[in-house]
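Engineer: sharing a sequence plus its predicted fold:
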Amino acid sequence: MLVDNSVYSFEFQLDNGIPIVSYYADSNDEEMLHLKFYLECLASCEDIRLKNRDAFQLSQLAEA
């Protein structure tokens, strides 16, 4: 699993990647809280690739 703000970092294995919004010193930024919740959801998954495929649909973007 790779968490990155650039999809290019995991473009050859899209289902292994978790895209995240860039951080720019915003005190109201809650992205890490969202990531924490998502990672907790993944803890019970047998194959995170299936969950990522449904959650982010990156392969559909790549096909377009």
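Structural biologist: Arrived safely, thanks for sending.
Engineer: name the SS class of Phe12, please.
Structural biologist: Taken by DSSP: H, G, I helix; E, B strand; the rest coil, the conformation at Phe12 corresponds to helix.
Engineer: just give me the neighbour total for it.
Structural biologist: Counted with other CB atoms under 10 Å, the neighbours of Phe12 add up to 8. Any C-beta I mention is one placed from the backbone N, CA and C, and that applies to glycine too.
Engineer: list the contacts for the nearest residue to Ile18 once chain neighbours are set aside?
Structural biologist: Of all residues not flanking Ile18 in the chain, Val3 sits nearest, at 4.6 Å (CB to CB, 6 or more residues apart in numbering). For Val3, the contacting residues are 17-18, 20, 35, by CB atoms under 8 Å, 6 or more residues apart in numbering.
Engineer: tell me the first helix or strand C-terminal of the helix or strand where Val3 lies.
Structural biologist: Secondary structure from DSSP states H and E places Val3 in strand 2-4. With elements assigned by DSSP H and E, the helix or strand that comes after strand 2-4 is strand 17-19.
Engineer: distance between the very next helix or strand once past that next one and the chain's centre?
Structural biologist: Next helix or strand after strand 17-19 toward the C-terminus (DSSP H and E): helix 31-42. For helix 31-42, the separation from the chain centroid amounts to 9 Å (computed by CA atoms, centre = their mean, to the nearest Å).
Engineer: mean confidence score for helix 31-42?
Structural biologist: Averaged over helix 31-42, pLDDT sits at 94.
Engineer: going by neighbour count, list what's buried in that helix.
Structural biologist: Tyr38 (16 or more other CB atoms under 10 Å).
Engineer: other residues contacting it?
Structural biologist: Contacts of helix 31-42 (CB under 8 Å, 6+ apart): 1, 3, 18, 20-21, 23, 48, 51, 55.
Engineer: what subset of those residues is buried?
Structural biologist: Neighbour counting by 16+ other CB under 10 Å classes 18, 48, 51 among these as buried.
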